[in-house]
Every structure is written in C-alpha cells, then in structure tokens.
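Peer 1: the sequence and its predicted three-dimensional model are supplied below.
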Amino acid sequence: MSWLRFVHRKHSDVELQDEIEAFLTEETADNMARGMMPDEARRQAGIKLGNAQRVREQLWRQNSVAALETAWCDLKYAIRTLMRTPGFTAPAILVMALGIGANVALFTVVWNVLLKPLPFEDPNRLVVIYENSNDQSLMNSVAPGMYAVWAKQNHSFTSLAMLGGAQFNLSTEGGELPEMLDGTACTANLLPTLGVQPALGRNFTEGEDQHGSNRVVLLSWSLWKRRFGGDPAIVSRTIRLNTLPYTVIGVMPQWFAFPDSGTQLWTPVYDYFPAAYMTAVGNHQFEIIGRLKPGVTDEQGRADLSVITLHVHDANLNNPFVSKAANTQPLLNDMVGDVKRPLYALLAASGCVLLIACLNVANLLVARAAARRKELAIRAALGGGRLRAAARTVTESLLLTAAGGTAGLGMAYGLVQWLGHLTFQNFGRFESIQVDGAVAAFTVALVVLCALFAGLFASASTIGSQLSTALQDASRMASAGQGRTRLRRSLLAAEVGLTVVLLVVAGLLLKSYLQLRYSDLGCTTKNVMTMRINLFGGSYNDPARRVNFFAELLERVRALPGLEAAGLARTVPGSGYPGDDAFTIIEHPPLPKGTTQYAINFDAEPGYFQTMGIPMLRGRLFDAGQRLEAANETVINAAFARQYFPNEDPIGKHLRYENKNWEIIGIVGDTRSELYQDPKPIQYYPIFAGTGNSGMLVIRSGRDVEQLALPVQRVVQELDRDLPVYNVLTVDQLLGRVTFDASFNTTLLSGFAVLSLALAAAGIFGVLSYMVAQRTQEIGIRMALGAQRNRVLKQVLLDGLKPALAGLALGLAGSVGAVRLVRSMLYATRPLDPAVFALVSVVLLAVAVLACLAPAWRASRLDPMKALRTD
Amino acid sequence: MAKSNQPDCEMLKGTLDMMILRTLIGGDAHGHTIAKVIEHTSEDVLEVEQGSLYPALHRLEDRRWVSSYWGASENNRKAKFYRLTAEGRKQLVRETSRWRQMTRAIGLVMGEEGGVQ
C-alpha cells in the first residue's frame, strides 16, 4: 500500500492542489454570501486554509518512505556519476562480470552435482555396499555368491539390489547399422529399491530374473527415441540383442541415468550371466545398492553385513578371494566421490578470482574517492553525514556489481552449457545441470556481498579523514595523504598474494598433467588406432568360430594398403586396469593354504607387440599357428620376471593358469595399464587359445592412421554384416579421454590464474598511474630542483614494485598451505615443487615490472615546466 | 466569532479521523462540507484545521475506510467527494465504542475529584 502511495505521490499531489483550489472557491463563495467583498472573501478563505504549501508538504511526506526516498536519490546520483565516467565504469563492470560469472558457473555445477539430493525416493537411506578385502582394496566389488547370502541373511536393509555391466550388440533391423550398447544387468528389485517406475510398461518380475527364463529388457528413454522413433508400441515387441530375441517390457523415464548416463538397456542379471557364475563367492564383479531400514544407520548396516561376510569366509577357507568384511558408502558420495575435491578446488579458485575482482573494484573506488576528496569535504562541511557518504559509495558499488552480476549470469549460463558439452564422463549428474532458484539466490547474495565489500572498503578510506585537512589537502599543491596510499598498497599486495596462490596451484596441476599425459607407457602411441569387436551369442559361442573370425580378420586387415602393422589384444596400455587372475608356478613350492598370487592376465596375438612397439627382451613370441587346446605357451613382462623369478631364468618354467600348464617362452618390455600407476606384472596368453570373446584390434600406419578406419570397418562388415565395431579411436584420443578430468581441471584453473594475473597487473598499473598523476607537481618540483630522470624512474618503479613484492612473499607463504588441498590431484609432482614456485615468482615479477613500466616512464618524461603549471 | 483564539478548541489527537467518518454517515461530502459540518455540530467549539483535514482524508482513503470521486458540489462547482466504505463503517463503530469507554473512564476520574472538592 505504502509502495503504491509512494509511486503515486506525484499524482496525489496534483489532486490535492485541485482539492485545495475547490475549498478556496467554496469558502470564498460562503464568505461572499456573508457579505464580504470578493477580494476580502478570497483573502479570508486563504487565511482559514492556512499555508497551502505546508499542507502539500505534509501530505507528500506522509506518502513518502524516508529510507526509500534517500536510496532513490543516491541511486540517481550514482547513475549520473557513473555515466559521466565510462572509463571507470566499463572496466569495473567487466571485472565484476568475470568474477561473478566464474563463481556462479562453478556454484551451479557444485550445487547440481554435489549438493542436490539424488532423484530417488528417500535417497538418504540408499547406500552402496562393497566387500572389504583388506589385502586388495577396502572397496572391492561384490561376488554374486556373497550377495545371495547377504540378501537372505541381513536384518538391516529393506532390500539389496545387485547390478553389473553388460554389453549388447543391437542387430541390424530395417537397414540400420548394428550398434554396440552399454547396458546394466540388475536384479529385479533394483528399481523398487531406488523407488523408480518405468515411464512406459513395467519392471522385471522375480520370475524373469532367473537363468533360462524369457529374455526381457528395459530401454532407456534416449534409445527408445533414437532407435525406435519413440513409438509406444515398442512395449512387448521383440528386438535382437547379441543375436538373441529379447522382449521389450518398458521404457525408463527420460531423467533416469543409473548407474551412469551411458546405460541404454537394463536386463535381469540372473538371466544374463551363467548360472554357475552367480553362485561363486570369489569373483568380485558386481555393485550392490541397499536401502537401509528406517532408523538403521550406515554403520549398523555395515556391521550386520560384515558378520555375515565373515561366516561365508570361514566356510570357504580354501578360496583366497573371499573377503572377511563388508564396507558401505552413501550412494551420493559413491557417485560424486571422484569429482568432489576437484570441484571444490575449482570453486575455491573462482572465489579467489572474485576476491581479486572485488579488491580491484574497491581500489578503483578508493581512487575515485581520493579524486573527489574536495567534493566530499565540501559536502561534509555543509553538514552531509559520513554515513550518507558511505551509503552513496555502497550504492555506487552496488550498481557496478549488479550490472556486473547481470552480465556475469549470462556468462555463467554459457559456461555451464560449455561444461555440459565438454564432459566425456558418463556422469548422469553432469547432464542434469541447470540454473535454478538456488543459483539465482546465490547470484543475488554474491552481488550484495561484493557490493558491500568493495563499497565499505572504499568508504572506510574516506571516513577517517579530517575535514579541515581534507579541505586544505584539496588545494593544488599536495599529493594524496599517506594513509590512503597505504590502504591502496595493502589492497594491491592482497591482490598479488591471491594471484600467486592461484598461479602456484595452476602451475602444479599443469606440471602434473604434463607428467601424466607424457608419461612413458612403454609402447608407441603415435599413429595407432584401436577398435573394439565383441563376438557374442549365436554361433560365436563356439571358440573355434571366434578364433577363425579373428584370424581371418587379421589376415584381411593386414592386406590393406598403407598399413604398417596390425594386431589383436584384450586392450591397450593406458586405458585402465584390465583385471587380473591367479596363477601358480609349477617349478616353485606350493603356496601356503588360503593364500594366492595373481597378476594382470592379458590375451594377445603376436602382432599386438609388434604394432604397439613393445620390445621383446628375451625368448620369442607365441606361434600364431597354435590355436585352441593346442596353445600352451605364455609370455611375461619384465615386471613379472622381476617379482616372481627374482634370481632365476623364467624361460622354460611353467605357469598353472585356468587349470592348464603354460610354458614361459619369452619376456617383453613393461607397459603401464593405468597412466597413474607404475608398470605391473603381466601374464600374456595367446588370444587364439579361444577363451575370450572380445578383442581390440590395433593398427599402425606410417601416415594418418585415421584414414584406415573406414577400410577396416568395411572388412569387418564383409565378414559379418551384423557385427558392430565400436570405440574407434586413436591411442592418443583414448589417452585424451583417460586424462580428460586432469586436463579439464588444469585448463579451468589455469584460466582462473591467468585471469587473476591480468586483474592484478591492471590493478598495479591503475594504482601507479593514478599515483603518478597525483604527484605530477611534486615530481615536477623535484625535477626542477635537479632530480635525474633515471632516479625518478627508479623511484616510481620501486613504489609500484613494493606492494607486488610484499604480495609475492604473502602469496608464496599462502601457497604452501593451499597446495595441501590439491595434493591428491597431483601425479608425479611434489606439492612444493621448487621449479613451479620459482617460475611463478619470475612470471609475477615480470608482469609487475611491465605493469609499472609505463607509469614510471611517463613520470620520468615529465616536463617540469608543464608539470608545475597543471592544476 | 474569535474561535481561533480559544485555547480549548484544540482537537484531541486521533479524534479527527473518527469525526470525519461520523460526518460521512450523513452522506457523501467534500472537504469543505466536512469541515463545516464538524464546526457547526460542535457549535463552533471545534475548528478543523485545513492543514490536517486533507492529510487525514488521504490517510483514511489510503486505509480504504473512505473512497473518493470527483463530482459537482451544491453550487455546481468541481469538488472531490468522499464516501464511507463498509470497512469505514466498521472502523467507525470500533472507534465510537472506544471513545465512549474513554470518556466514561475520564468522567469517572473527574467525577470523583469533583466530589471531594
């Protein structure tokens, strides 16, 4: 109501004037009726009314909200002054836009990914359960046999669901290409455990989650839209997966991306895997999701399952792979654990950028306040309150930050879109990122906070000044008072300090990234292309058929022109841990009961070593002619030889692996399976032994290897029209994917560091230029009295460098603390890497000198005569 | 007719609003009439200061106790008329009863004192 009145008070005033006029007319008429002369009647009416102006003022005040009135005044004043100095306003707004934009973008990501609850029913009760295998890992995947016992005997969970990775070849249908799809095999209670319903159709029944039952499948929304045109009649239709008929029983909601957004199909787990496999208690293969009973804590659930696990362990003492305890972790933690620290580090970095931006704007405001001292002093002399003066500065900075915030919000929106496109990770929560109410509130809070910070900082510098000295000071002969300069110097030092911290952290991440990217894999990565081929189902269940297919494929591919070498293996170095298996060495004494030794097991074909340039150290490679049962030779790598044959010759010894004896015939060079880890022992077995049904084709070419992708795919199509080829990537691209997170974090943090370096440089330049301008006359006098130009140059340069040096010392000290936070993100890089610290110092000093040089030069070139004449 | 000199005619604070509302019971009126009616009914004891009348009228309108419209006065001149709203009528009832309580209370106090003398 009062707001309405406030807005309409002009109209209300006009009406009042009419009303007063009407009163005067009436009263005059009355008076004339009483017999007065018209003039006298009018005069008397006027007397009776009293002061019309006073009435108007009173009503005006009654309609006004005092604080609002002042604020409105300040706002108009601030707009006018800011418009008059675009050279100050534009950079200030830009600086705030960059700072706020970066923060809002990062906050949007953090809010959506880390803080928002999962979109499942009562998500706080959902936990992920692992086996705690002390010797291998505290968070080991779960064996299906163990799950079965847990599900039957636990008292803490309303339900336990099991899921594991599954791959499907979706066969040709109506001329479409065959396609390899990532899917999830899960127990029928997975969706009820999460509290999710299919958008279309129904969930699996318990009956369907058994071996040999009718094959059924749930589709993801995107697969349904893309491949089946979003046709609702898809439910109960039959599609061919891995050459087998599956009945589609439903479509999942669009938002549903579990366990990750790459999952396009869900199928019952007990049907997908062989029955014998599902009772084993030593094969750690599955993820378990549990819903805690109301009132049961995570720890109680863990303890409950651990007791059961120990019972299973004690009943299977012969099997060294059975764990003794269970482990749990909240589902959200489990999903975002890897990105938590990097994201918070990035948010902290963007916070530093914003702080620097605020300091810069505060510095600019202080400079303005100093230039307007005379005006401010006169205002104060006329009785203007200091609080009002401070309010005016804060209003000014509020305007600047609000404009910057608006621009920053637009920037953040673009940045978030870009981040969304950029992420290779199949991480559902990255794709659901959106700007919502919480983000808007954060932006507003940020704008207000920045405005208060910059404004109060700037006005603090004016409040302390004495009125009379200010008035005197404002005369033409003086330079800015000491106090104000000191404040601006400390602002600069703080700015430089924060910049140094950011530069150090970015430098460390950059070094670590380079170490990672160019770490020696032990093989060539140039001009090598990989593609994966899976032989599933139908006639491929026959090992001989698979071996024949691979042999035929290699023969045809090797005949292609322009190809240098081609080979086949389980996977390539650098793409991740390929898994391991147990073995024993026949010539060694038997291992104590209940213990085991295992190493990475790796199917390869002789051409693989040649293609990847993995050196043959001793002995020879497999004979490609030995196939299936006849294959009985194995090759090991140098790490294997070092670890298991420390003082003997491995060649000619035998490994017992998968119930068969294999003779060691050669030793090859070490390779890294994971970029982050040192080379590990590997036992190579011939892929032509026919045990595996999945292979990675590797080809190398002297020229652009990507040109060979299509011809090779054509060869595959000639061999089997329904066989999809997927993950067609060069090894460099593959490594790019593996190192994507590191590259992403490094890029973003380096961006922030460079931005803050630019801001700090601009700050130094601005402050020094301003100080030189203020001291023009003083410098003129010095020069008139015979000061050398070089001395002046040195003096000004030192003036500017002093705060930069102080900031550098501050920043280096601060970095020592800050690097602790990113320690876990570093690879082969010491947190206190002297090279990085030294480089940062050099870069910062160079930039600071550059920023100081122009104002110092200008000062030394001053013409004393002109300088003394300027006002 | 030297009303303005009488010291006792100063209106009690807050009573003006009530009296305006009471006046409007008789029908819509413009500012001049309202002032005149109050003065006449009070046998010229109370003088309505124009300086407070108009702000008061606007205040009452703001609270939705009266509404206003522009019309022609008895002498066919343009004037702003005020009308009592239903809400204003309720307010008048409330204020009247409070006023009665108040005067009775004050009367009781004064009566006792008068009795002693």
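Peer 2: Noted; the coordinates are in hand.
Peer 1: give the buried residues for stretch A:548-562.
Peer 2: A:Phe549, A:Phe550, A:Ala551, A:Leu553, A:Leu554, A:Arg556, A:Val557 (16 or more other CB atoms under 10 Å in any protein chain shown). Bear in mind the C-beta positions are built from the backbone N, C-alpha and C, glycine included.
Peer 1: swap in stretch A:34-48?
Peer 2: A:Met36, A:Ala41, A:Arg42, A:Gln44, A:Ala45, A:Lys48.
Peer 1: doesn't A:Glu27 make contact with the last one?
Peer 2: So the one you mean is A:Lys48. Yes - with contact defined as CB atoms under 8 Å, A:Lys48 counts as touching A:Glu27 (5.9 Å).
Peer 1: which other residues reach the helix or strand that contains A:Val307?
Peer 2: Element membership for A:Val307 (DSSP states H and E) is helix A:298-315. Contacts with helix A:298-315, where a contact means CB atoms under 8 Å, 6 or more residues apart in numbering or on different chains, come from A:127, A:129, A:131-132, A:145-146, A:149-150, A:153-157, A:281, A:290, A:292, A:322-328, A:330.
Peer 1: next one: stretch A:27-40, is it in contact with chain B?
Peer 2: Yes - Stretch A:27-40 reaches chain B (CB under 8 Å from any CB of the partner chain) through A:Glu27, A:Ala29.
Peer 1: quick check: mean pLDDT across that stretch?
Peer 2: In this model, stretch A:27-40 has a mean pLDDT of 85.
Peer 1: report the distance from stretch A:508-516 to the chain centre.
Peer 2: 17 Å (CA atoms, centre = their mean, to the nearest Å).
Peer 1: an error on my part: the question was meant for stretch A:669-681.
Peer 2: Distance, centroid of stretch A:669-681 to centroid of chain: 27 Å (CA atoms, centre = their mean).
Peer 1: quick one: the residue nearest to A:Phe442 when sequence neighbours are not counted from chain B, how far?
Peer 2: With CB to CB, 6 or more residues apart in numbering or on different chains as the criterion, A:Phe442 has its nearest non-adjacent residue at 5.2 Å, and that residue is A:Phe107. Noted for A:Phe107: a distance of 43 Å to chain B, by CB to the nearest CB, to the nearest Å.
Peer 1: just list the residues touching the residue nearest the centre of chain B, thanks.
Peer 2: The centroid of chain B falls nearest to B:Met19 when counting by CA atoms, centre = their mean (2.0 Å). B:Met19 makes contacts with B:Ile38, B:Leu46, as judged by CB under 8 Å, 6+ apart.
Peer 1: OK, contacts around A:Leu59?
Peer 2: Per CB under 8 Å, 6+ apart, neighbours of A:Leu59: A:Ser12, A:Asp13, A:Leu16, B:Tyr54, B:Pro55, B:His58.
Peer 1: about what we covered before: in the helix holding A:Val307, what counts as buried?
Peer 2: Residues A:Asp298, A:Gly301, A:Arg302, A:Asp304, A:Leu305, A:Ser306, A:Ile308, A:Thr309, A:Val312, A:His313 are the ones in helix A:298-315 that count as buried (16+ other CB under 10 Å).
Peer 1: A:Ala806 and chain B: what is the separation?
Peer 2: 60 Å.
Peer 1: what pLDDT does that residue get?
Peer 2: A:Ala806 is given a pLDDT of 91.
Peer 1: cool, and A:Gln264?
Peer 2: Reading off the model, A:Gln264 has pLDDT 88.
Peer 1: count of neighbours near it?
Peer 2: A:Gln264: 22 surrounding residues under other CB atoms under 10 Å in any protein chain shown.
Peer 1: list the contacts for it?
Peer 2: Contact partners of A:Gln264, counting by CB under 8 Å, 6+ apart, are A:Leu181, A:Asp182, A:Gly183, A:Leu219, A:Ser220, A:Ser222, A:Leu223.
Peer 1: change it to 6 Å
Peer 2: A:Leu181, A:Ser220, A:Leu223 (CB atoms under 6 Å, 6 or more residues apart in numbering or on different chains).
Peer 1: which of those lies closest to chain B?
Peer 2: A:Ser220 (58.8 Å; CB to the nearest CB).
Peer 1: find the residue closest to the closest one in space, skipping its chain neighbours.
Peer 2: A:Gln264 (4.5 Å).
Peer 1: A:Tyr684 now?
Peer 2: Excluding its sequence neighbours, the residue lying closest to A:Tyr684 (CB to CB, 6+ apart) is A:Val635, at 4.2 Å.
Peer 1: contacting residues around the host helix or strand of the one you found?
Peer 2: A:Val635 is located in strand A:633-637, with elements delineated by DSSP H and E. Strand A:633-637 is contacted from outside by A:622, A:655, A:662-668, A:670, A:682-685, using CB under 6 Å, 6+ apart.
Peer 1: show me which of these are buried.
Peer 2: For the contacts of strand A:633-637, a burial check counting by 16+ other CB under 10 Å picks out A:622, A:655, A:662, A:664-668, A:670, A:682-685.
Peer 1: can you flag which of these belong to strands?
Peer 2: Of those, the ones assigned to strands by DSSP state E are A:Leu655, A:Trp662, A:Ile664, A:Ile665, A:Gly666, A:Ile667, A:Val668, A:Ile682, A:Gln683, A:Tyr684, A:Tyr685.
Peer 1: quick one: residues contacting the second one.
Peer 2: Read it as A:Trp662. Applying CB under 6 Å, 6+ apart, the residues near A:Trp662 are A:Asn632, A:Thr634, A:Leu655.
Peer 1: do the first one as well
Peer 2: For A:Leu655, the contacting residues are A:Phe583, A:Thr634, A:Trp662, by CB under 6 Å, 6+ apart.
Peer 1: that one pairs with what?
Peer 2: Here A:Leu655 sits in beta bridges with A:Ile585, A:Trp662, as judged by DSSP bridges.
Peer 1: number of residues surrounding the residue of the stretch 551-700 of chain A found nearest chain B?
Peer 2: With CB to the nearest CB, the shortest gap between the stretch 551-700 of chain A and chain B falls at A:Tyr676, namely 72.2 Å. Residues contacting A:Tyr676 under the criterion other CB under 10 Å number 12.
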